[in-house]
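J.: sequence and predicted structure are below.
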Amino acid sequence: MNSLRLRSLPHLLLALVLTFAGVQQASAQGAAADVNKKGVAPGATAAATPATATTPAAGGGDAAAIAAGDALFKGNCAQCHAVNEQVVGPALAGITKRRPVSWLIPWVKNSSKVVASGDDYAVALFNKFNKQQMPSFALSDKEITSILAYVTSQEGQATAATGGPTAGNAAAADGKADAAGAEEGAGKYVDILLIVLVVVLIVLVVTLVIIGNLMKDVLRGRKDLDGRDIEILEQRFDWGKLYRSPVMRGIVGTVFALVLLYEGVQSVMAVGLTQGYQPTQPIAFSHKLHAGEHQINCAYCHTSVYKAKSANIPSANICMNCHSQIKTESPEIKKIYRAIERKQPIQWVRVHNLPDLAYFNHSQHTQVAGLQCQTCHGPIQNMEVVYQYSALTMGWCINCHREMPLNTKDNKYYDNLVKLHDTKNAGAPFTVSSNGGTECSKCHY
Amino acid sequence: MKYWKGIEELDNTPEFMQSAFAEFMPVKESHESKDATSAPRRDFLKLMGFGVAAATLASCETPVRKAIPYLNKPEEIDPTIANYYASTYFTGADYNSVLVKSREGRPIKLEGNPESPITKGGLSARAQAAVLSLYDGGRLQHFAIKGQKAEVSQVDQEIRTKLASTTGRIAIVSPTIISPSTKKAIAEFASRYPNTTHVMYDAQSASALLQANGGVVPGYDFSKATVIVSLGADFLGTWISPVEYAKQYVVNRKVNTNKRTMSRHFQFETNMSLTGTNADVRVPVKPSEMGATALALYNAVVGGAGADPKTKLGMAAAELKAAGATGLVVSGSNDPAVQTLVTAINQSLGNAGTTIGTAASNVRQGDDARMAALVNDMNNGAVGAVIFYNANPVYNHPLGDKVKSGIAKVPLTISLNDRLDETGSLCQYAAPDNHWLESWNDFEPKAGYLSLSQPVITPIFTTRQAQESLLKWAGNNTSYYKYLRANWRGITPTDAAWDKAVHDGVLMGTALPAAQAPATPAMSPAAAASQLSGAAKPSGVELALYEKVGISAAGSEANNPFLQELPDPVSKATWGNYVAVPRKMAIEQKWEQNDVLKITANGRSIELPVLIQPGQANGTVSIALGYGRTLAGKAGDKVGENAAVLAMTNNGIQYMNVVTLAKTGATSPIAQTQTHQTLMDRRPVVQENTLAKYKENPKEVTEYEKISTPDGLEAPNKVSLWQDYQYNNHHWGMAIDLNSCIGCGSCVIGCQTENNVAVVGKQQVINRREMHWMRIDRYYSSDTHKDSFETKGKLDTYAAMEDPSENPQVIHQPMMCQQCNHAPCETVCPVLATTHSSEGLNQMTYNRCIGTRYCANNCPYKVRRFNWFSYYSNEKFEIVNGHMFTDLGRMVLNPDVTVRARGVMEKCSFCVQRIQLGKLEAKKQKRRPKDGEIVTACAQSCPTEAIVFGDMKDPNSRISQLLRREDGERAFHSLDSINVQPNVTYLTKIRNAESEFFAKENA
């Protein structure tokens, strides 16, 4: 974002030079747009179904059970448990050897009931983990056994391997991260290539100059040259003539005026735009750590992202689900403790600000359209500090609504509309805008 | 038939004609250069130049906005998802079971509770507006001693000490209380201080009714009535329980092809009331003649004396007799003799168990005699302490002056009122009660019907629930919730049963002790008859005091700007009361509208402007109660005059008197909303016909306009320049049954709260700049009709049609944006700020609007509203528009609807936010929206279900079925011939009136 800040006085003065910068910037934007498109590819949307909607086909062999357990584990257990590592709750490796399945099922369903029944192992476990209660889960017996099958299959694998994505959402996030990484790698490669080329060019130029001088010296040493040859040999390039040339002046002037105009329009259009806005937050919360490395599902903290207009800035009690146990000594986390003690809510700085006149509903885009968070929020899993990735302008919204096909799959709301569209206009994709998605009162009321 | 919208239109005064057809009234603005606030043009340009530069510089810095989450998020609250809690609205007048819509812990709207067997999802205008009273800055925000802020503990301690040492009588004065637990708490207080008596009085007293019926209000059931005779009871607007009665009333007023019967409604009254406008037969009578009318009816029905069947009274008596058990007589009179006769007539009709149900109503319990005795005792020095519990008798009791002098003589005076009002400010101690949205309470509006209210927000100010205060002073330190819960153990023994009761808000069961018998015993019908026949006839101009649909007689809603600006259903006046004068009297006395009169009675006089009111009984004038508060709050103070002082008090309280009127020479403009936005009268806007005609052939009751084409007469929609829209997904539409619409104004306030509509204040209403998205047009009819063309000649007939009818028939027509398919507004907008959606909506985009107002000028229905000011930030509107202005008030705004800025146009959006939400919920659940799930605020508010909203693309929706059924019968579009093809359809009004009473228009 440095280039944005730089774009002021020196930029205008050296506009001619910076045409190159402009070109470079455009290419960078092009790259970003590419990533954007990758993120919104309709194929990927299937993976974005929220955890609640994941109902695996039960039975059907061991592999199927493990696969089903995989999804269930990531949706329900992974926030507190890992297979080979103690997180909030105990490591689950070898759990089927430690306790019989007949004990585990009631435990998962309602652990406090088992504790209350006075079961020795349960009470000991409860006390060992500082009387931290495991929430009850409304899972069927079959689902619990499939989770156990998955846990067994993961036993003994390297810790790194267990850090798989917690939900489909994160799987897509991975894909995005790869894409971003690839882009980064490609960028570096191009840089090196350029440097090499420049060095080669410099060497070539220097070599040519040396050769030219040598040749001149050789020629000067010869006495058999006539006047015309000497004239050629002693020729000097007349820079003043070039300077006085009206054609040259015209070209330079036009280019300068055009660049000035372009930059002027760009800067006026950018008034009120806050793309790249990256305020310092009161607590140095890292999305890179939580969403990226630990693969915590976005909806775990942003609880209402699938059901409400607002995604919900997490309340302190959600932080406490884990941080009552984890990293309790960190000065940043102590700020949360202080907030709770003083009963003063944490005042985060809002990064994404829409004007009041625009209505935006998260659930429409996540739950109904099946978009991923990254489509609009960018590579959030790589952000140490969150910044505004998208422009959030009306043009940006409308463009997407024009291009994006509706997610009509398995949604009875759209059944007749899809049929109608197919009979009338089968060739064109059934986009958001073809269903009235660019009308004023969809967002303004 | 010629309709006229008001006296001005009828008179064709030059001032009126000048502006009759103008959408915007020209208002003279002052532009004198000496005015320091107005800047000359050059300065303006300079400032603007600087402003642009400053704005550009300022915009470089992004304003930092905070996002503040909960510390510990309650499980049931998700930001931006609304929660609904069942509760109960009862402030001493009408009872409503409500659902409170709460966003992020703030109540923002009240909706009817469909679970309630009494109000059945209906809601009155007052209840709709009640949510605004919660955020009323005029409330007392702390406990007080002699008006100065004091600690709760200090107030408690001093009161307890003084109560313990009180020797004389202790009185608790309140309006009607229907809460069993509150009554128990008062009883507990009385057992601790044995000299305590609890005195209830109603600002609009029903003592005589109670006296004639053993201390209760009979359980009227208008739904079973085929003949209704009302002697001055405004049961659809203000009398006893209007929402309940309106719900019942329309059952027999709705007609369709398969049910071509209607009840018949006779109304005898002085002032034109909401109920009177809906009556089939309305007879204006003087207040002093009401007794004679009751007696004549009694003689005809019970005594068997033959009444002349040619008179309206005779007709009523004959039809009542024929109806028998399905007949019903009600009276709003506070004369025990009249009420005794009414009870006797009902008994002789044998309607007990049919139109008078077994479940008696408790919503009126006030006893005038007890209150009058207390006032005397206070003045005699026999009262040691008095506690005013949400009672303001200094203002709203006709003996207010005596109450005031009495308070000075009582050693200990305590006010539990929510503000330092006329009474509270005279008391030594103030322990303000919570608002009902902050309180737990129970209610028994009818015997056997219970209902609960629950707090939906923690108390905003340092207030305490009144019951808790009383318990505390009686030495009981339990919270009122625990007290209530313990009291309900018998009704809801288990926690689950209690939770369900709280969830539903209503429950069948009984908890209230038997009603206290009135202080004066009932009369015998014979005694009543002889008393009435011997009554002296007063001479002079008679005054009738009445209650308005918006502001109650108690005046407790005075500081609620929504209700102050709610147009009266009949006169369409806002912000204040006036003297309603019949036209004849005005001509005789040479009074004109807005002339201020001095009205004198009881040795007291008040000054109010004249409003010429068609239908007002000759020789009478009427004034509304509930106005002229002096300590209600900024918005409610000095709006109108207090007419309670003019009531007759020598023989019980009678809301009438003989008055002398004198012109003062001053004028005071009345802010009326009607005659603004005049619809051009050459095309049928509103249609009606008679039941007789409807019975004969439903296909002939509606006149469909045809237009001439080369192929002969065609329906207007056959000829069009425009291409029709194709609706694939939804096509939203609305149908309004003019037969069911009673004009109560509930929808107007419902729309206002839902859509953040600004309140503009009296002067702006006079300037025709009111902002209501929805209005109810009231049309008076004229008596002369086209059928006299042959006898009188056309010219004379037209001249006669201009003649005012003394007692006009009235139609109410709700009018809002008609969402035209060929919208004239859309084609003239230069910036495409108003466009058509693929779902049939006419969309208004505020952020694109530049305020040319072309659309409003081109709208044939005059429903577009222009923001002349920034109502949310211009200090001129701080008082009236507090709900957008102050931080406290803003809590009531609907966060899903933009607050419109200055210079933009706005209008009804068909509650597009609700449509969008409903569709989204359906999409999330992967299904089509269900019919009835998406409903506009007006349709939801309507107590009579006159408004049906739905998807016309869905063949099974209620609206599709209704339109199919009524097509070619009663369904019509307003101004059909201009072919704008509205998505709002009206259903022709059908009157159950004899042909000689009603025009033979097409004969």
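T.: Structure's in. What do you need? Numbers count the residues shown, from 1 in each chain, chains lettered A, B, ... in the order given.

J.: for the rest of this, base every contact and every neighbour count on C-alpha atoms.
T.: Will do.

J.: which residues of the stretch 901-1003 of chain B lie near chain A?
T.: B:912-913, B:916, B:920, B:922-924, B:926-929 (Cα under 8 Å from any Cα of the partner chain).

J.: can you tell me which of the residues you listed are buried?
T.: In those, burial by neighbour count holds for B:912-913, B:920, B:922-924, B:926-929, counting by 16 or more other Cα atoms under 10 Å in any protein chain shown.

J.: domains for chain B, by residue range?
T.: What automatic domain parsing lists as the domains of chain B is B:3-8+B:676-991, B:83-134, B:218-361, B:538-672.

J.: B:Arg65: which of these is closest?
T.: domain B:3-8+B:676-991 (17.1 Å; Cα to Cα).

J.: what mean pLDDT does the closest one get?
T.: For domain B:3-8+B:676-991, mean pLDDT is 87.

J.: helix, strand, or coil at the residue in the stretch 351-500 of chain B that chain A sits nearest to?
T.: Proximity of the stretch 351-500 of chain B to chain A (Cα to the nearest Cα) peaks at B:Thr458, 16.8 Å away. State at B:Thr458, reduced to three classes by DSSP: H, G, I helix; E, B strand; the rest coil: coil.

J.: show me which residues of the stretch 701-850 of chain B are close to chain A?
T.: So the stretch 701-850 of chain B meets chain A at B:728-729, B:835, B:837-838, B:843-847 (Cα under 8 Å from any Cα).

J.: deepest of the domains of chain B, which one?
T.: Of the domains of chain B, the one with the most neighbours on average (mean count of other Cα atoms under 10 Å in any protein chain shown) is domain B:83-134, at a mean of 24.

J.: about what we covered before: of all the buried ones among the residues of the stretch 901-1003 of chain B next to chain A, which two lie farthest apart?
T.: B:Val912 and B:Lys926 (20.6 Å).

J.: quick check: B:Ile599 is in a strand.
T.: Yes. Counting by three-state DSSP, one finds B:Ile599 located in a strand.

J.: give me the pLDDT for it.
T.: So B:Ile599 comes in at 92 (pLDDT).

J.: bridged to it, which residues?
T.: B:Ile606, B:Leu661 (DSSP bridges).

J.: I figured it hits B:Thr664, correct?
T.: No. Applying Cα atoms under 8 Å as the test, B:Ile599 and B:Thr664 come out as separate, 10.0 Å apart.

J.: count of neighbours near the closest residue to B:Glu438 other than its chain neighbours?
T.: In space, B:Glu438 comes closest to B:Pro455 once its chain neighbours are excluded; the distance is 4.2 Å by Cα to Cα, 6 or more residues apart in numbering or on different chains. By other Cα atoms under 10 Å in any protein chain shown, 19 other residues sit near B:Pro455.

J.: ok, B:Pro455 - contacts?
T.: B:436-440 (Cα atoms under 8 Å, 6 or more residues apart in numbering or on different chains).

J.: of those residues, keep whichever come out buried.
T.: B:436-440.

J.: redo those residues as TSV? Include secondary structure.
T.: Below are the buried ones among the contacts of B:Pro455 laid out as TSV (three-state DSSP):
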residue	secondary structure
B:Trp436	helix
B:Leu437	helix
B:Glu438	helix
B:Ser439	coil
B:Trp440	coil
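
J.: can you report phi and psi for B:Leu545?
T.: phi -100, psi 130 (degrees, to the nearest 10).

J.: related to what we said a few turns ago, restricted to helices, list the buried ones among the residues of the stretch 901-1003 of chain B next to chain A.
T.: Counted as lying in helices by DSSP state H, out of these, are B:912-913, B:920, B:922-924.

J.: sweet, I'm off.
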